[in-house]
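> below are the sequence and a predicted model; questions follow.
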Number of protein chains: 2
Amino acid sequence: MNHAGAGRVIGVFDSGFGGLTVLKALLQRLPGAEFAFLGDTARLPYGSKSRRTIARYASESARFLVEEQGAEFLVIACNTASALALDAIKEAVPVPVLGVIEPGASAAARESESRDVLVIATEATVASHAYAAACQARELRAVEKACPLLVPLVEEGWVDHPVTAEVVRIYLSELLEAARRVGYTPDMLMLGCTHYPLIRGVLERAISELAAPVRVGVIDSAEAIADEVVALVGPESGVAELAPSARIRCYATDSVEKFERLGSRFLGLPVGKVELVDLGG
Amino acid sequence: MNHAGAGRVIGVFDSGFGGLTVLKALLQRLPGAEFAFLGDTARLPYGSKSRRTIARYASESARFLVEEQGAEFLVIACNTASALALDAIKEAVPVPVLGVIEPGASAAARESESRDVLVIATEATVASHAYAAACQARELRAVEKACPLLVPLVEEGWVDHPVTAEVVRIYLSELLEAARRVGYTPDMLMLGCTHYPLIRGVLERAISELAAPVRVGVIDSAEAIADEVVALVGPESGVAELAPSARIRCYATDSVEKFERLGSRFLGLPVGKVELVDLGG
């Protein structure tokens, strides 16, 4: 990566391109930083794989960002890798590493009054109970639900579609029912997957209808981690500002075409040319 | 694999466990054979990956079945690998290899009167146009459509669910409309993915309603390839028949728990203990 005159390099890693929603939030908050984003698309989805496999894949990806891209700070914009492989990643690289789970739980702890939180995520994230543990450490109670159809619906582009609204309604009804069975009174819904911000409107409408008259707020873990990165690295000033698209370089281990086609929806601006890298997987 | 007194070993390969629908059809048709099934679950889904990556993964899997499991015949029960990697697999192993595309197209050629065929499959299978090419070689015209939501719906267990019916209706309406636009009059619907037999009823009802008064038959490529294997290896007689579950051994590269839990639905009987193998991916 060419560092000519630019600020520090922050590495952002995801199993796919969903983590571009985190990169989007970071670009807005850190106008002086450069970013190297790696999507391990050859081996996605991590969500249905074992801890051992995820730890190996994520560590290889982290080393690429630090050793080959010069990242001085690593953001794990993948809920599954954050839930299952954060310790392995920290052992693999000599720079600070921040996962997406803890900032999300911290945001919930700041905003929840009832101290009960709903969490939706992939199968592997839910099976790890990482959000529940992070919530418990902050004296919050969490009820979690795996929603495996939401990522495919977002990737199909059905982000404002009656089928997606119906699937969301079914998942959230079941989740609220599970919360009621154990006597919880949730007032926050955690979006525990980086794909979910693209259907935030659908999720907000559904939870608002289903939980009424209780008001349930939505926590986007992509925004929560971006806020925490800013708190940790500090806002950078005195650096010439480049256009957002000039401050990012995107890499993928496969499916560059799909990354380029779908990635812009997640990033909110063109991802530009995505470079293919081979991690030997 | 223990061969004591048993018939030949047939290797069956898929990226996941969907190919168990092919194994199910083979078990019924070849009561004297033994089967080694490998699901490359650590690296699924192949459907969204590139030809180069799929060829590498599939070749490694084929070598495992032939070199370590003694398979004398290899069935590629994965539409994506059959579409994109059949030549690579044939180069990788010294035994006969049969992919799932050609038998499906042959069945369509036998049964279609209008000579126009609808094909539904994963994104990568459709992008390869392998079914269209195999149909064209048999003087059939094909219209193909990628249906990326159907696999996640089947894996969620929503096989008889209003959302699945609605998604199927949307996909098949768009496919029929595409066929009408080019002036085709299809009378066959090819299920170009091994997950689809589990929602065959939903698909049959939808195509029957949407295409009426034209009658559109359904071709299950899992059954088509099983018929062709029998034609090639011959029905085996004179061998003591074992119970179906005693004639199969299942291997997975990851997610053994998910394989065991979901696999039985595809096989129609318990898959038994699934062994974990490491292909170095």
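Received, thanks. Residues are numbered from 1 along each chain as shown, chains lettered A, B, ... in the order given.

> show me the shaky parts of the stretch 151-281 of chain A.
A:236-241, A:280-281 (pLDDT under 70).

> just the closest residue of it to chain B, please.
residue A:152 (4.4 Å; CB to the nearest CB). The C-beta positions use only the backbone N, C-alpha and C, and glycine is treated the same way.

> ok, now which ones touch residue A:136?
Listed by CB atoms under 8 Å, 6 or more residues apart in numbering or on different chains, the contact partners of residue A:136 are residue A:142.

> 10 Å instead?
Taking CB atoms under 10 Å, 6 or more residues apart in numbering or on different chains as the contact definition, residue A:136 lies against A:105, A:129, A:142.

> most neighbours, which of these?
Using other CB atoms under 10 Å in any protein chain shown as the neighbour criterion, residue A:105 leads the contacts of residue A:136 with 28 neighbours.

> about what we covered before: in helices, which of the contacts of residue A:136 appear?
Using DSSP state H, the members of those that fall in helices are residue A:105.

> what about the strands in the stretch 51-200 of chain A?
All strands of the stretch 51-200 of chain A, identified by DSSP state E, counting those that start in this stretch, fall at A:73-76, A:97-99, A:116-121, A:141-146, A:188-191.

> which residues does the residue lying closest to residue A:189 once chain neighbours are set aside form beta bridges with?
Excluding the flanking residues, the one nearest residue A:189 by CB to CB, 6 or more residues apart in numbering or on different chains is residue A:118, at 4.6 Å. Beta-bridge pairing for residue A:118 (DSSP bridges): residue A:143, residue A:189.

> what number of residues lie near residue A:118?
Neighbours of residue A:118 (other CB under 10 Å): 26.

> same question, residue A:60
There are 18 residues near residue A:60, going by other CB under 10 Å.

> touching, it and residue A:53? I think so.
No: Residue A:60 lies out of contact with residue A:53 (CB atoms under 10 Å); the separation is 11.2 Å.

> what is in contact with those two at once?
Joint contacts of residue A:60 and residue A:53 (CB under 10 Å, 6+ apart) are residue A:43.

> and the residue nearest to residue A:189, how far is that from chain B?
Residue A:118 sits 19 Å away from chain B, going by CB to the nearest CB, to the nearest Å.

> doesn't residue A:207 make contact with that residue?
Yes: under the criterion of CB under 10 Å, residue A:118 makes contact with residue A:207 at 7.8 Å.

> overlap in contacts, those two.
What both residue A:118 and residue A:207 touch, as defined by CB under 10 Å, 6+ apart, is the set A:172, A:175-176, A:186, A:188-189, A:216, A:218.

> and the two most separated of those residues?
Using CB to CB, the two most remote members of these are A:176 and A:218, lying 14.1 Å apart.

> quick one, which of the two is more surrounded?
residue A:176 (21 against 18).

> helix, strand or coil for the closest residue to the more buried one other than its chain neighbours?
Ranked by CB to CB, 6+ apart and with sequence neighbours excluded, the top spatial neighbour of residue A:176 is residue A:210, at 5.7 Å. When classified by DSSP: H, G, I helix; E, B strand; the rest coil, residue A:210 comes out as helix.

> residues contacting residue A:210?
Residue A:210 sits next to A:168-169, A:172-173, A:175-177, A:216 when contact means CB under 10 Å, 6+ apart.

> kindly recompute the last result at 8 Å.
Residue A:210 makes contact with A:169, A:172-173, A:176 under the criterion CB under 8 Å, 6+ apart.

> quick check, central residue of chain A?
residue A:194 (3.5 Å; CA atoms, centre = their mean).

> chain B contacts on the stretch 101-250 of chain A?
Within reach of chain B by CB under 8 Å from any CB of the partner chain, the stretch 101-250 of chain A has these residues: A:148-149, A:151-153, A:155-156, A:162-163, A:166-167, A:170.

> the same query, at a cut-off of 7 Å, please.
Residues of the stretch 101-250 of chain A lying close to chain B (CB under 7 Å from any CB of the partner chain) are A:148-149, A:152-153, A:155-156, A:163, A:166-167.

> which two of the residues you listed have the greatest separation?
Pairwise distances across these peak at 17.7 Å for A:155 and A:166 (criterion: CB to CB).

> so which of these two has more stuff around it?
residue A:155 (22 against 16).

> who are the contact partners of that one?
A:262, B:148 (CB atoms under 7 Å, 6 or more residues apart in numbering or on different chains).

> quick check: residue A:200 vs residue B:213, distance?
44 Å (CB to CB, to the nearest Å).

> equivalent analysis for residue A:134, please.
59 Å.

> which of those two has more neighbours?
Neighbours per residue (other CB under 10 Å) separate residue A:134 from residue B:213, with residue A:134 holding more: 24 against 4.

> I'd say that one and residue A:100 touch.
No: between residue A:134 and residue A:100 there is no contact under CB atoms under 7 Å: 10.3 Å.

> so which of the contacts of residue A:136 sits lowest on pLDDT?
Ranked by pLDDT, the contacts of residue A:136 bottom out at residue A:129 (94).

> look up how far chain B lies from it.
According to CB to the nearest CB, residue A:129 stands 16 Å off from chain B.

> now that residue, nearest residue through space, not along the chain?
Nearest one to residue A:129, counting by CB to CB, 6+ apart, is residue A:144 at 6.8 Å.

> just checking, that neighbour touches residue A:125?
No: counting by CB under 7 Å, residue A:144 sits too far from residue A:125 to count as a contact (8.2 Å).

> of these two, which one has the most company?
The neighbour comparison of residue A:144 against residue A:125 (other CB under 10 Å) goes to residue A:125, with 27 against 22.

> got a list of what that one touches?
Contacts for residue A:125 were tallied using CB under 7 Å, 6+ apart; they are A:47, A:79-80, A:83, A:192.

> quick one, grab the pLDDT at it.
87.

> go on, residue A:45?
75.

> now swap in residue A:84 and tell me
Reported pLDDT at residue A:84 in the predicted model: 88.

> what is the burial count for it?
Residue A:84 has 26 neighbours, counted by other CB under 10 Å.

> what do you get for the one 4 residues further on?
Per other CB under 10 Å, the neighbour tally for residue A:88 reads 18.

> my guess is it meets residue A:53, correct?
No: judged on CB under 7 Å, residue A:88 makes no contact with residue A:53 at a distance of 11.1 Å.

> buried sites along stretch A:206-225?
A:206-207, A:210-211, A:216-225 (16 or more other CB atoms under 10 Å in any protein chain shown).

> same check, this time on stretch A:264-273
Quick answer for stretch A:264-273 (16+ other CB under 10 Å): A:265-267, A:271.

> one more: stretch A:60-78?
Here stretch A:60-78 shows A:60-62, A:64-66, A:69, A:71, A:73-78 as buried, counting by 16+ other CB under 10 Å.

> tell me which residues are up against it.
So stretch A:60-78 is contacted by A:1, A:8-15, A:19, A:22-23, A:36, A:38, A:40, A:46, A:82, A:86, A:89, A:92-93, A:95-100, A:194, A:225, A:229, A:233, A:277, A:279 (CB under 7 Å, 6+ apart).

> what about the longest helix in chain A?
Max-length helix for chain A by DSSP H is helix A:162-181.

> still on that earlier bit, now do the contacts for the residue nearest to residue A:129.
A:119, A:121, A:126, A:129, A:131-132.

> likewise residue A:245?
So residue A:245 contacts A:269-270, A:272 (CB under 7 Å, 6+ apart).

> so what's the gap between whichever strand or helix holds residue A:251 and the chain middle?
Residue A:251 belongs to strand A:248-252 when assigned by DSSP states H and E. How far strand A:248-252 lies from its chain's middle: 16 Å, per CA atoms, centre = their mean, to the nearest Å.
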